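Q: Have a look; sequence and predicted model below, questions after that.
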Amino acid sequence: MHYELFQTMNKLILTLFFLIFNFCLIGQNNVSVTSNDTIISYSYQKLSDEQLDSTYKIIDSIYSVNNINLDQLTSYLSSMFIKGIPIGFINLKIDNIAGYNIGNGLMFGMGLETNDRLSKIFSIECFGNYWTKAKEFNYATDLTFKILRSKDMKLKFGLYHKFERFGNYGFKENEILLNHENFKYFYTKSTSLNDYIYVNYSTYLNKNVKAFARFEVSDKTTVNGQWSTVNGQQPIVNSHRLSTLEFKLRIAFGEKFVNSKDGFKVEGDANPMIWLSYKKNLKNVFRSPYDFDKFEFLFRGKKYTRCLGETSLAAQYGYINGFAPATELFNIYGTGENKFDIYCMESFSTMSPDEFFCNEFAALYLSHNFKNLLIDFKKFHPELIILTNIAWFDGTQQLSNSATQQLYYESGLIVDNILNIGIIKFGLGAFYRYGPYSYDKTWDNFVFKICIEFDI
């Protein structure tokens, strides 16, 4: 009975999402956002010109009295998290100091990168870390040549010995631990330990398109994938070699480019953004026995209107043509390890880690944030968010826990911004799993999430 009920609920939610998204796309054009627009948009009452002027004067006086240069402070914090803490001609990389995932445990280490004080033509980066549960050291070094700064044109050579998620998918743009977009990587369960060398070339073709070309040779070894069996009986080959050529495009709108004394910087949030990737494994090149093609696609877009709030859509697709080893399959991001967990963007909150592996998949992540339109109090401004995530899989015969051609559904409700402390805000949410992959017991389909977001 509950299956038919939630099927109906899912259709209603999907209809609402698409109506809102289409209305937003048609109803507004892309416009440049000024500081005035920002204050007006997030103000609970419309401000007059006099009130706006008074607001600016108060803010300026606070910064002036305390000798705070807001532009310098913002620039420093952004640079610290992305480039690291400068110590002479070396940057201490924050993202290499600590980490965690459920498969390998806690990670402690150090990463260093040379900055422009040593050379504006090249940089050298290296890191070393230790994973406590896996009891394994990871390390890497790379050399980057900055060919043309105005195009962010770079040529990079690297050597790595590190863990990677089994069945990896995605276009990770940074490694910042406190970035809520990266929380889903905490739920990496099975990994391969990889040794690889690579050469990577990247450049902006124009203000919206960045191109990447990469060639790598890797030896991948399964270290904590005890599940990796054929039909639950025979173990998969533990180690294999891959020679991979990859071409990738990042298409983004709404960003601004700044060539400053600190180097090339991209400012603003890309909206919309598209990633395209094509990988070709080259058989008999450096003794690789595999010949397959791998396609990946990602779309992200969002639209805000004062009368409705903000609608967000993310779409993913992946396809493998040919026989690929298990490490190269698609492992759908599941973050439902426990009944109560951390909420992670662009993941399935009710799906367990490593629950589905497949040769082909498509996923939609739909959400609408009503901001303060439905609920608002004088000193308490919660944000109501509704979400529906849908996935389709085409399984593989290589693994006993592969997916079949059915749709996976989950929907959820989040009350965000319940608590806001400086640069951190908290919320709570609940998700329900339904459809062909739902559990027999209704309670087993529920999971609960705490939402944490750092404003960095």
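A: That came through fine. Being a predicted model, the structure only gives us computed values, none of them experimental. Numbering: from 1, shown residues only.
Q: Kindly confirm my reading that residue 289 forms part of a strand.
A: No. Under DSSP: H, G, I helix; E, B strand; the rest coil, residue 289 sits outside any strand and is assigned coil.
Q: Residue 242 is in contact with that one, correct?
A: No. Applying Cβ atoms under 8 Å as the test, residue 289 and residue 242 come out as separate, 9.2 Å apart. Backbone N, C-alpha and C define where each C-beta goes, glycine included.
Q: Who has more neighbours out of those two?
A: The neighbour count for residue 289 versus residue 242, taken as other Cβ atoms under 10 Å, is higher for residue 242 (24 against 14).
Q: Tell me what the more buried one is bridged to.
A: Beta-bridge pairing of residue 242 under DSSP bridges involves residue 218.
Q: Could you tell me the model confidence score at it?
A: The model reports residue 242 with a pLDDT of 95.
Q: List the contacts of it.
A: Shown in contact with residue 242 (Cβ atoms under 8 Å, 6 or more residues apart in numbering): 216, 217, 218, 220, 281, 288, 290, 325, 328.
Q: of all those, which comes closest to residue 180?
A: residue 328 (27.8 Å; Cβ to Cβ).
Q: That closest one reaches residue 318, doesn't it?
A: No. Contact criterion Cβ under 8 Å: residue 328 and residue 318 do not qualify, at 10.5 Å.
Q: any residues in contact with both of the two?
A: Shared contacts of residue 328 and residue 318, defined by Cβ under 8 Å, 6+ apart, comprise residue 294.
Q: Among the contacts of residue 242, find the lowest-pLDDT one for me.
A: Where pLDDT dips furthest among those: residue 325, at 88.
Q: And for that residue, the neighbour number?
A: 21.
Q: is residue 304 in a bridge, and if so with what?
A: Per DSSP bridges, the residues bridged to residue 304 are residue 310.
Q: wait, isn't it in contact with residue 271?
A: No. Look at residue 304 against residue 271 with Cβ under 8 Å: they stay out of range, at 9.6 Å.
Q: Strands of the stretch 201-350 of the chain, start to end?
A: 209-222, 229-230, 234-235, 239-252, 256-260, 263-267, 273-281, 293-305, 309-321, 330-331, 340-342 (DSSP state E, counting those that start in this stretch).
Q: shared neighbours of residue 304 and residue 271, anything?
A: What both residue 304 and residue 271 touch, as defined by Cβ under 8 Å, 6+ apart, is an empty set.
Q: wait, what's in contact with residue 152?
A: 202, 203, 204, 210, 264.
Q: I'd like these as JSON lines, with neighbour count, distance to residue 369 and pLDDT appended.
A: Converted to JSON lines, these look like this (neighbours: other Cβ atoms under 10 Å; distance: Cβ to Cβ, whole Å; pLDDT from 0 to 100):
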{"residue": "202", "neighbour count": "19", "distance to residue 369": "33", "pLDDT": "96"}
{"residue": "203", "neighbour count": "16", "distance to residue 369": "35", "pLDDT": "95"}
{"residue": "204", "neighbour count": "18", "distance to residue 369": "31", "pLDDT": "94"}
{"residue": "210", "neighbour count": "19", "distance to residue 369": "28", "pLDDT": "95"}
{"residue": "264", "neighbour count": "17", "distance to residue 369": "32", "pLDDT": "68"}
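Q: sorry, back to before: okay, the strands of the stretch 201-350 of the chain, which one's buried deepest?
A: strand 330-331 (a mean of 26; mean count of other Cβ atoms under 10 Å).
Q: name the helices or strands packed onto that one?
A: The contact analysis (3 or more Cβ pairs under 8 Å, 6 or more residues apart in numbering; DSSP states H and E) places strand 330-331 against strand 357-358.
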